[in-house]
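Asks: Predicted structure and sequence below. I'll ask about it afterward.
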Amino acid sequence: MWGIVPAAGRGSRIQPLAFSKELLPVGSRMSDGVERPCAVSEYLVERMIAGGADKICFVIAPGKSDILEYYGGGYGAASTVYVVQPNPAGLCDAIFRVSPLVDPEEQVLVGLPDTVWMPQDGFAALPDGRLSFLLFPVERPEHFDAVVTDGAGRVLEIQVKSPVAATHWIWGGFKMPGRILEELRRLWLARDCRDEYVGTLVNAWIAGGGEAWGVRAGSAYVDVGTIDGYRTAARLLSDTAGPVGTRVGLDWPSGRAHAGLHLPPKARP
């Protein structure tokens, strides 16, 4: 299973930073009794692995080589690969750059690397073989993509940052097989690549006879792309902390392998 991490954005809402926003330290892990910081994107990677992903593809901009340096060739048991998005052309463009790598029947998870959400195993609630969205309740849906469903969970419409959103349920990640990823890519091309957001494209997909489903399995969702969101994420992680630290990771990124710093515990002497 693939996990696609679109990480080519400039992060203009939280600048200035001296590094990619996906590496912003949020929360921590404990290692040999020492608490060390975690990059915000690790929360998404861990949730993808918990959902079954064994291959993580970061879509990065040409200047964001620090992400490659941080994650190296893997995270825990998952391998990492990198695709370059030459220009900031939106989420659809970023995701579809991975489509040639994905087998038609292989499952794909997509999430946003500057978010923290609960539960950690939320992706596991999404079924195989169909386009399905992991939904979260939020107080201000107008800042997100609200997903309107019928009583059975079938997606009727995705309202992209609508000031009059009809529901408080927004998507925080989604899953589909490679064949649907490719069908969406072809639809996007047929629409002259005008869809920047996934929501408008999925609305067109549904209008053409496609089916998408919403699964209300999320309990908390924080966009860390703002200072207020950063503070909220820190509180959320603190509230859900275990007794040994604000957060304990499944594993470590394999980049920057300096002894005692980012060297995975299993590789230590």
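Replies: Arrived safely. Numbers count the residues shown, from 1 in each chain.

Asks: hey, where'd the strands end up in the stretch 1-150 of the chain?
Replies: In the stretch 1-150 of the chain, the segments counted as strands under DSSP state E, counting those that start in this stretch are 2-7, 25-31, 34-39, 55-60, 74-75, 78-84, 107-111, 115-118, 131-137, 145-149.

Asks: hey, where'd the strands end up in the stretch 151-269 of the chain?
Replies: With DSSP E, counting those that start in this stretch as the criterion, the stretch 151-269 of the chain has strands spanning 155-160, 169-177, 212-215, 220-223.

Asks: Contacts for the last one, please.
Replies: This means strand 220-223. 112, 114-118, 136-138, 143-144, 170, 172, 229, 232-233, 236 (CB atoms under 8 Å, 6 or more residues apart in numbering). C-betas here are computed from N, CA, C, even on glycine.

Asks: for the stretch 51-200 of the chain, which spans come out with low pLDDT?
Replies: Counting by pLDDT under 70, the stretch 51-200 of the chain contains no low-confidence residues.

Asks: Buried deepest among the strands of the stretch 151-269 of the chain, which one?
Replies: Stretch with highest mean neighbour count among the strands of the stretch 151-269 of the chain: strand 169-177 (a mean of 25; mean count of other CB atoms under 10 Å).

Asks: Does anything pack onto it? Which helices or strands?
Replies: Packing partners of strand 169-177 (3 or more CB pairs under 8 Å, 6 or more residues apart in numbering; DSSP states H and E): strand 107-111, strand 115-118, strand 131-137, strand 145-149.

Asks: CSV for those strands, including distance to Ala89?
Replies: Shown next, in CSV, are those (distance: least, CB to CB, whole Å):
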stretch, distance to Ala89
strand 107-111, 16
strand 115-118, 21
strand 131-137, 22
strand 145-149, 18
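
Asks: Distance of the closest residue to His143 other than its chain neighbours relative to Ala53?
Replies: What sits nearest to His143 in space, not counting adjacent residues and going by CB to CB, 6 or more residues apart in numbering, is Lys161, at 6.6 Å. Distance from Lys161 to Ala53, counting by CB to CB, to the nearest Å: 28 Å.
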